[in-house]
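1. just a sequence and a predicted model for now, questions to come.
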Amino acid sequence: MVIRAFFERLLASEFARRALLAFLIVALFLGGIQLRRWIGESTRHVRYQHDIVNAFYWGNETLKETRRLSPDESTANSFTGFCRGYFALYDRVKDRAYQSDYGLDYPPLRLLVMAIWAKEVRNQFPGVDDGHPKLVNPLLKINLLCELLSAVAIFFLVRLCVQRCSRTTRSSLLPSLPLRDRASMCGLAAASVAWLEPSMILDAHGWPQWDVWILPFYLFGALAALKNRWFVCGCLLAAGAMFKGQLLFVTPFFVLWPLWQKRWNHALCVIAGFTATAAVIASPWLLRTPAAWLALAAVTGASWSFILQRKLPHQIAWISGITGCAVFVIGAFTGGSFAWLQVGFLYGSEHYPYLVISSCYNLPSLLSQLGWSLKDPFCSVHFGSLHFDLTLQWTLRLLYLGALTVCAYGAAQQVRNRDPRVLIAITAPWLLMFTLLGQMHERYFVWGAVVSAVALGVSFRLSIIHFIISAASTAMIVHVMLIDKKLEATLWAIDLLKHIRPYASVLVLACVAVYVWNTLRMPVFQRRAPRPAESPSLSLGPEPEEA
């Protein structure tokens, strides 16, 4: 009783509560860093070295191209020489490839990071062997930064959506707390779970891979969309896609979302932001002559003058979108290079023409066990003398696009109803991408596992499903890492994970189905007694725009 009374008096103080919260956040942060270090040390014997070697190889190829195009060593070591080699690598890879087998599937910004990393490694270890790259720690620090930013974004996402909830759509978690405190507590819980997500830590520090780099772009893009900053949302999505092209699969969600709200201008803002950002990044390849830059300046000036005179809304978005489109059109007519697109994006989509690449718990895995393959005709259509075969690959893609459209509709409805289940709609695209599409690596489920932590701001039942998704994502990554080494002590685990794959696939599909259902389920309106103490707090969050 004495201890209980002591804590009650302690927590009655505002300063004590804030100090305790600050201590908890610091402890979670330091504990997460220590956990990552421990994972990195404990997984050395099963580390998947191939991706590190591949990253170092292509970074080193950029440096070789720099030396080849530079007249002397000092020029090769300069910033100008480095840029020259970096911009020329895609064309060299494309020209020298045999039967369009490029080997390189890095988008521009990821290639840039790897080139800078390889340059730093070469400066410190000039004779390092390609098969044993040193100093991977800089890449792990980038992973750590992206993981931290993802947790921060999830905190703000959950807090915003819980603050916005109406009386009939409130979160079922912590119902006794005032709305403002409940929003912050749910946000902190979701951010903590995301920060300690085991599959993300294993992927980023045990594998290690660079999948986590696109998570902050997606999460902050979703936050921008919820605040009706659609142009910023498009910019963030394009920048993230330049690090990893898989972000393009979920990008249509942010175009379909405002379309269901009949906000055509918002959808155009997303497209304008995406186009403008992609054009800025790709402009060194597309605009290679002074005439191309002069043409772009003329188009930009003319569009700027026209739009300002007409006083159209969203002027920056319109000007940026027109300028971005002009970059691609001018590049196509003035000899610009699209090798960055063909090598960095299109090649990756056909690099692994298999229904299942590795240990995946998804629908294609179940279909492969029934004897299906990626290019098998799913159905045939005849129009007179014309004959079309719809392959399983395109069938799954159309199924995914339909499910993505449904999720966008759910997001629009939940925003209109001020329901925190919009968080589930934001999570669903990543889950659907992995569970429905072929050619998936097991690592790609980590995006859904991290983003689904937002369920801690919605309900206890959906939070439980998040932990099931997290466990499945971790199991898939562990399975592939163990298969790569096949140590004697891990053979039993490999065999176990292999045999549970079909059952785990069904379980994952059921969990994703529950999430999709919750994006569509409308709130049950009930009569409740008025609560004057909570009514003023409803105005603290920013009001969403009505559909």
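-> Sure, I can see it.
2. surely Leu135 is within a strand?
-> No. Counting by DSSP: H, G, I helix; E, B strand; the rest coil, Leu135 is not part of a strand but coil.
3. distance of it relative to Leu367?
-> 43 Å (Cβ to Cβ, to the nearest Å). For every residue, glycine as well, the C-beta is placed using N, CA and C.
4. which one's more surrounded, the two?
-> Between Leu135 and Leu367, counting by other Cβ atoms under 10 Å, Leu367 is the more crowded of the two (19 against 15).
5. can you list the buried residues in stretch 277-286?
-> Neighbour-count burial for stretch 277-286 flags 277-283, 285-286 (criterion: 16 or more other Cβ atoms under 10 Å).
6. need the max-distance pair from those.
-> Farthest pair in those (Cβ to Cβ) is Thr277 and Trp285. Separation: 14.8 Å.
7. coming back round to it: tell me which of the buried residues of stretch 277-286 fall in helices.
-> 277-283, 285-286 (DSSP state H).
8. of those residues, closest to Thr435?
-> Nearest to Thr435 among these, with distances taken as Cβ to Cβ, is Ala278, at 27.9 Å.
9. any idea how far that closest one is from Asn417?
-> For Ala278 relative to Asn417 (Cβ to Cβ), the value is 34 Å.
10. quick check: Leu390 is in a strand.
-> Yes. Under three-state DSSP, Leu390 falls within a strand.
11. re the thing from before, and which of the ones in helices among the buried residues of stretch 277-286 is nearest Arg47?
-> Using Cβ to Cβ, these come closest to Arg47 at Ile281, 31.5 Å.
12. which residues touch that closest one?
-> 108-109, 238-239, 242 (Cβ atoms under 8 Å, 6 or more residues apart in numbering).
13. my read: Ser452 touches Ile469, true?
-> Yes. Assessed by Cβ atoms under 8 Å, Ser452 is found in contact with Ile469 at 5.3 Å.
14. joint contacts of these two?
-> With Cβ under 8 Å, 6+ apart, Ser452 and Ile469 have common neighbours Leu431.
15. pLDDT below threshold where in the stretch 351-500 of the chain?
-> Along the stretch 351-500 of the chain, the parts satisfying pLDDT under 70 run over 382-385.
16. quick one: the helices in the stretch 301-450 of the chain, in order.
-> With helices called from DSSP state H, counting those that start in this stretch, the stretch 301-450 of the chain shows them at 315-333, 339-341, 347-350, 363-369, 392-416, 422-436, 445-451.
17. check the stretch 1-150 of the chain too.
-> 2-11, 14-42, 50-69, 73-76, 79-96, 108-124, 137-164.
18. about what we covered before: a markdown table please, covering the buried residues of stretch 277-286 and showing pLDDT and distance to Phe388.
-> Shown next, in a markdown table, are these (pLDDT from 0 to 100; distance: Cβ to Cβ, whole Å):
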| residue | pLDDT | distance to Phe388 |
| --- | --- | --- |
| Thr277 | 96 | 36 |
| Ala278 | 96 | 32 |
| Ala279 | 96 | 35 |
| Val280 | 96 | 39 |
| Ile281 | 96 | 36 |
| Ala282 | 96 | 33 |
| Ser283 | 95 | 38 |
| Trp285 | 95 | 35 |
| Leu286 | 95 | 34 |
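19. what residues does the helix or strand where Asp495 lies touch?
-> In the assignment (DSSP states H and E), Asp495 maps to helix 491-499. Helix 491-499 is contacted by residues 359, 475, 478-479, 482-483, 486 when judged by Cβ under 8 Å, 6+ apart.
20. before we move on, the earlier item: is it possible to get a markdown table of the helices of the stretch 301-450 of the chain that adds distance to Ser78?
-> Output for the helices of the stretch 301-450 of the chain, formatted as a markdown table (distance: least, Cβ to Cβ, whole Å):
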| stretch | distance to Ser78 |
| --- | --- |
| helix 315-333 | 26 |
| helix 339-341 | 23 |
| helix 347-350 | 30 |
| helix 363-369 | 48 |
| helix 392-416 | 45 |
| helix 422-436 | 41 |
| helix 445-451 | 38 |
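21. between those helices, which one is closest to Val162.
-> helix 422-436 (8.8 Å).
22. returning to that earlier point: neighbour count winner among Ser452 and Ile469?
-> Ser452 (32 against 28).
23. what separation do you get for that one and Thr277?
-> 27 Å.
24. and what of Glu488?
-> Taking Cβ to Cβ, one finds Glu488 at 50 Å from Thr277.
25. does Ala267 touch Gln261 like I think?
-> No. Under the criterion of Cβ under 8 Å, Ala267 is not in contact with Gln261, lying 9.0 Å apart.
26. could you report the neighbour count for His314?
-> 17.
27. can you report phi and psi for it?
-> phi 50, psi 50 (degrees, to the nearest 10).
28. for Ala453, what are its contacts?
-> Contacts of Ala453 (Cβ under 8 Å, 6+ apart): 154, 190-191, 193-194, 197, 466.
29. tell me the two of the residues you listed that are most distant?
-> Ala191 and His466, at 13.2 Å, using Cβ to Cβ across these.
30. related to what we said a few turns ago, for Phe306, find the nearest of the helices of the stretch 301-450 of the chain.
-> Per Cβ to Cβ, nearest to Phe306 of those: helix 315-333, 9.1 Å.
31. now that closest one, how far from the centre of its chain.
-> 25 Å (Cα atoms, centre = their mean, to the nearest Å).
32. just use 586 as the starting number from now, easier for me
-> Okay, residue one is now 586; in that scheme the one you just asked about reads as helix 900-918.
33. how about that helix: buried residues?
-> 902-913, 915-916.
34. got it, and stretch 953-971?
-> Quick answer for stretch 953-971 (16+ other Cβ under 10 Å): 953, 957-959.
35. and stretch 833-850, by the same measure?
-> Result for stretch 833-850 [16+ other Cβ under 10 Å]: buried residues 833-846, 848.
36. what about Gln619, how many residues nearby?
-> The burial count for Gln619: 10, using other Cβ under 10 Å.
37. burial count for the residue lying closest to Arg621 once chain neighbours are set aside?
-> Excluding the flanking residues, the one nearest Arg621 by Cβ to Cβ, 6 or more residues apart in numbering is His790, at 4.7 Å. Neighbours of His790 under the rule other Cβ under 10 Å: 24.
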